[in-house]
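Asker: next input, structure requested:
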Amino acid sequence: MQVLKDHCPYHFGRSAKLVLEASHSNCPDMNAVCMNEYYLFKGSFSFAPFTYCFQCCLPQSRNRNGEQPACHAEHVYRKGSQCPFSGFIFKAVYCMWKQEKFRNLLIQDVAGGATLSTLDEFTAWAVQEHEAEGKYNNCLEAFLWFCGELEKARPNAFI
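Answerer: Numbers count the residues shown, from 1 in each chain. Purely as a prediction, here's the structure:
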């Protein structure tokens, strides 16, 4: 996640490119995203306390289980504080889903053939968690899968 900090989640999710957010003021990838639809997607997530960061979707240490990534461990939750990765995973996964090539691979490799053609279907799937199987919510699983596939294609992508 440290490599993705301060990068554009829209470029990452739409084209698997790392582009610094500060390097462009009028992002064409962001302008291509229907923000009303994105906010419906993001608004559907509701996490139990100490399970996931509600700002970025990274896991937290449930009952001090050590699950929280090191890059997020330093973040202290205070009123008005912003997670350094706020919105990145949600935006990147939403953008992946909007790209037919990524959506088809996502359905095949992660979603087990589930129908994810509408926002409602995608959202209902994304919020599901399979903790008993040792898995995170499907949104985070999709993000991890995407990063893994990118790293296979470009081994130095996150270095």
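
Asker: could you find the closest non-adjacent residue to residue 57?
Answerer: Using CB to CB, 6 or more residues apart in numbering and skipping residues adjacent in sequence, the residue nearest residue 57 is residue 89, 4.2 Å away. Bear in mind the C-beta positions are built from the backbone N, C-alpha and C, glycine included.

Asker: I misspoke; the intended subject was residue 29.
Answerer: In this structure, residue 29 finds its nearest non-sequential neighbour in residue 10, 3.8 Å apart by CB to CB, 6+ apart.

Asker: again, but for residue 116
Answerer: residue 122 (4.6 Å).

Asker: residue 41 is in contact with the one you found, correct?
Answerer: Yes: contact criterion CB atoms under 8 Å: residue 122 and residue 41 qualify, at 7.3 Å.

Asker: more neighbours, those two?
Answerer: For residue 122 versus residue 41, neighbours defined as other CB atoms under 10 Å are more numerous around residue 122 (26 against 21).

Asker: residues in contact with the helix or strand hosting that one?
Answerer: Applying DSSP states H and E as the criterion places residue 122 in helix 119-126. Residues from elsewhere that reach helix 119-126 (CB atoms under 8 Å, 6 or more residues apart in numbering): 37, 40-41, 44-45, 93, 97, 111, 114-116, 137-139, 142.

Asker: could you do stretch 58-78 as well?
Answerer: For stretch 58-78, the external contacting residues (CB under 8 Å, 6+ apart) are 1-2, 5, 50-53, 56, 81, 83-85, 89, 136, 140.
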